[in-house]
Each structure stands twice: as C-alpha cells, then as structure tokens.
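J.: Kindly generate the corresponding structure for this input.
(one chain, ligands or ions: 1)
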Amino acid sequence: MIAANDPTLRSWVPVAAGSDFPIQNLPFGVFRTAANPEARIATAIGAYVVDLAVLADLGYFDELQLPKDIFRQRWLNPFMALGRHTARGVRNRLSELLRDTQEGVRAHANHFLIPMDQAELLLPIQVGDYTDFYSSLEHATNVGTMFRGKENALMPNWKWLPVGYHGRASSIVVSGTPVRRPHGQYLSQGATQPQFGPSRLLDFELEMAFVLCKENKLGQPIPVSEAEDYIFGLVLFNDWSARDIQKWEYVPLGPFLGKSFASTISPWVVTLDALEPFRVAGPPQEPEPLAYLRCSGAHNFDIHLQVDIQPEGGTPTRVCLSNFKYMYWNMCQQLAHHTINGCNMRVGDLCASGTISGPTPDAYGSMLELTWRGTQPLKLSDGSERKFLLDGDTVIMRGWCTHPQGIRIGFGEAKGQVLPAT
Ligand code: MN
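T.: Numbers count the residues shown, from 1 in each chain. Sure thing, here's the model as predicted:
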C-alpha cells in the first residue's frame, strides 16, 4: 500500500467531516495570495492550502534531493516531469509532516498553512495539447440515437477504438473563470442557409481529464500495459459545448468552434496514487479489443460525479449524478490508442474522457441528454425550466470517491458562470 493512503491516518490540521481534502488525498495545485503574488505549488488539506515552497525552504524535503525551487513555479509541469515516483515521495513526505503524530512541524504552520479562501487557485497545468475522447457507451448511444436513430446509434468503429478529436488547449480555464456565450453559425430547423449569432443551445459536458507527466518519443507508442506510468492524476473537466454550432460544423472533421471557446478544469490535480483504493473493473468489452488495446486488471475508478445548475442569484439544483466507472474505454486504452501511430505525448498534455453518462436518465452528463434535445425541460428548484443553459447560470461540477472507512477523496469544484454574448 502507498504509505500516504493509510485510512487510519489523521492530521493535526483540522479537517471537517465531508471535506474533499483529508490527509489521504494530498493533491497538487498552484496558488498565490494578495500578500504574496508569486505563484507557488501547494497541496490541499481540509480548508487550507499548504505552501510547498516554504516547506522546502524550511528543509523538510531535503532528503528527497529535489531540484532547487521546484515548488516556486507558475505551473506543475516541471514537478510532474520528475515522474510519478518522485511525486509519490513528496506525497508520502507531506503525509508524514501533516499527520497528528508529527508535532514539530506544527510550530512553523503560520508560514506554510494558508486558509484556502485567502488563496487564489491558478490554472495548475501549462497544457500543451488537449484531446477529448468519446468513451462513454451510454453517452455515445444517447447522442447517436437522437441524431441517427436507435438502429444506427453507434458508428461501426465505436466498439473497436476510443474515438477522439484534438481540442484546443489555449482556452482551458480554471474553475471560477466566467465563460462567454459564443457566437457562431447554425442552421435553424427547416432553413436552407445558416444564420450567425449567439449560440442558443449552450451546454455543459461532465468529464474527467488525465494529465500526462511523461513523454514518449515520436514514433514510439506507449504500450497499454505501461500507460499508467505516464498519468500523473485527474481533474474535473467541463467541456462547454454550443450544440447548434457543433451540429452545423462537425461534418466531416468533428467538433471545432462549438467546443473551442472554453473548457473548465478543477484547480487540484488528484494523483493516480490517491485514487488507488478506488480502482474497479470496467464494463465488459465485446467484441474483444484488438491486441494493442487489450489490458488486464482493474483500470476504471469509482468516482462519483455531480452537476449542479445555479441560476443567477438563486440556489443550486442537482441535475446529474454519474460515475467515472461507467467509462467503456479506460485511460490506458485511450493513451495506447492515441500513441499507436507514433504520436508523441508531452508533459502537461491533457486527455479528457468525453461526456460521462450513466445508465439511468438522472446520470446523463449533458443538457442535450438530460432534456433529450430540449424536448423534456429540466425543472430547477426555483420553478424555472431549462432546455439549455441561460445567461447567468453557473454550472458546478464535483467529484469524489468514498472509502469504506468513510474517507472522502474529492476533487473540489469545476465551476463557471455563463456570461451573455458580447
Ligand atoms: Mn466532450
């Protein structure tokens, strides 16, 4: 077992029941404060940010012989590039320093422990390339049924390979960043020519994304059995989508401006190490995948996922409860497929899962499915209805794992408010 995952550990830092960040989580992020605008790498515990740059200055990581100023960085990339083994060492060391048997370090707490509400959590990763997969069978079936009918719901390739497209890295933003309703072309019902204007069918997509911490050389595929060495951790991911723009533009090369205006990620990267206790087998794959995609063992993760919509000035309504474990194609298969042609991945690349829909209608991961293309509007707690998102709506995604012993490993939030088109 990874030492930091020990469910019996308790911290001297107060951690409220139900917190996403007990001592068994210890995710990585980047923050700054009004008092100190220099960006630094941190972990989260309870309602606090732990400044790793200060801990390093105090000599608490000396034994790990890390590069100088590795935590005094704007991005996690240089730290992630040290590899999963090093990150595991840092996480284990943090676990030692923060556990309740360790009283010595407590004397310095006022130097490195900062209330999270006083910290600005920054976009943690410098994303080089971003790929979005389409790996939920339920989502692909729902969308296919709506657009092509039940008989042709799944394209012939879907069960043979993890379908994906290359997204836009530059417009990935951190939770809390507002998202402007995009303009674009769309074809109205019965029209023969497109119109131009603000999207009328703005949607969210409930996804998770994994972050790469290791490169493969151009021309050298990552074997499916080694794929997890390349995965640092996961974040929540909202792949905002303008359905009207998407529908008109997507043939034959796939999504473009209907997706590239913004994607929101949560600020804390939860390591694959912290998720280890929550491994589960994926759904059965039939037909059996081709050899390069075959993998044994449990490579899905039991992560509860939730979406709330909060109207401007109102209270949130939960509209979806799904789970990452429903994914048909797992991350190892996605990475093996992505690189089987020799494509090289780089540190900081992001691969999103695709919308994660579950088997029941309350587990659908997009408005498109929840309202069945707008035909069955959602009712919010204030009595208003939604077919798609309105200006002022805030979409809040959350994710967490639950230990049998009651420990919760959470992801925090990926949230964003829709601003009116300019
Ligand atoms: Mn997507």
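J.: so what strands line up beside the one helix or strand F210 maps to?
T.: Taking DSSP states H and E as the criterion, F210 maps to strand 206-212. Strand pairing for strand 206-212, using DSSP bridges, gives strand 231-238 (antiparallel), strand 350-352 (antiparallel).
J.: Make JSON lines out of those strands and add mean pLDDT, distance to the ion and mean neighbour count.
T.: For the C-beta atoms, the positions are set from N, CA and C on the backbone; glycine is no exception. Converted to JSON lines, the strands paired with strand 206-212 look like this (pLDDT from 0 to 100; distance: least, CB to the ion, whole Å; neighbours: other CB atoms under 10 Å):
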{"stretch": "strand 231-238", "mean pLDDT": "99", "distance to the ion": "8", "mean neighbour count": "26"}
{"stretch": "strand 350-352", "mean pLDDT": "98", "distance to the ion": "6", "mean neighbour count": "25"}
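J.: Would you reformat these as CSV and include distance to P115?
T.: Putting the strands paired with strand 206-212 into CSV (distance: least, CB to CB, whole Å) gives the following:
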stretch, distance to P115
strand 231-238, 22
strand 350-352, 29
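J.: the inter-axis angle of the longest strand anywhere in the chain versus strand 231-238?
T.: In the chain, taking DSSP state E as the definition, the longest strand is strand 408-419. Strand 408-419 and strand 231-238 are oriented at 40 degrees to each other (axes from the mean of the first three to the mean of the last three CA atoms, to 10 degrees).
J.: Show me what from the stretch 101-250 of the chain comes close to the ion.
T.: D132, E205, D239 (CB under 5 Å from the ion).
J.: How about the contacts made by E63?
T.: R93 (CB atoms under 8 Å, 6 or more residues apart in numbering).
J.: Which pLDDT value belongs to it?
T.: For E63, the pLDDT comes out at 97.
J.: Then it would be within a strand, right?
T.: No: counting by DSSP: H, G, I helix; E, B strand; the rest coil, E63 is not found in a strand; it is helix.
J.: Going forward, the N-terminal residue is numbered 45.
T.: Done: numbering now begins at 45, and the last item shifts to E107.
J.: separation between it and A151?
T.: In this view, E107 and A151 are 20 Å apart by CB to CB, to the nearest Å.
J.: Likewise for T438?
T.: 41 Å.
J.: Comparing these two, which residue is more hemmed in?
T.: Neighbours were counted for T438 and for A151 using other CB atoms under 10 Å; T438 has more, 19 against 8.
J.: follow-up on the earlier one: quick one: list the elements packing against the longest strand of the chain.
T.: strand 223-224, strand 275-282, strand 307-309, strand 314-315, strand 438-446 (3 or more CB pairs under 8 Å, 6 or more residues apart in numbering; DSSP states H and E).
J.: can you give me how far it is from the chain middle?
T.: Relative to its chain's centre, strand 452-463 lies at 9 Å (CA atoms, centre = their mean, to the nearest Å).
J.: next one: stretch 227-235
T.: 31 Å.
J.: Show the average pLDDT along that stretch.
T.: According to the model, stretch 227-235 has a mean pLDDT of 96.
J.: Measure how buried the nearest residue to S428 once chain neighbours are set aside is and give me the count.
T.: Distances taken as CB to CB, 6 or more residues apart in numbering place P355 nearest to S428, at 6.4 Å, with adjacent residues excluded. Applying other CB under 10 Å, we find 17 residues neighbouring P355.
J.: who's in contact with S219?
T.: L165, L280, T308, I309, S310, P311, G456, E457, A458, K459, G460.
J.: I misspoke; the intended subject was R212.
T.: Taking CB under 8 Å, 6+ apart, one finds Y174, K303, S304, S307 in contact with R212.
J.: quick one: which of those residues sit in strands?
T.: Going by DSSP E, the strands hold Y174, S307 from these.
J.: of all the contacts of R212, which comes closest to the ion?
T.: K303 (6.7 Å; CB to the ion).
J.: Skipping adjacent residues, who's closest to the residue in the chain that the ion sits nearest to in space?
T.: Here the residue of the chain nearest the ion is D283; by CB to the ion that distance is 3.5 Å. In this structure, D283 finds its nearest non-sequential neighbour in E249, 3.9 Å apart by CB to CB, 6+ apart.
J.: how many other residues sit next to that neighbour?
T.: 26.
J.: Return the residues in contact with it.
T.: By CB under 8 Å, 6+ apart, the neighbours of E249 are N282, D283, W284, S285, G398, T399, G409, S410.
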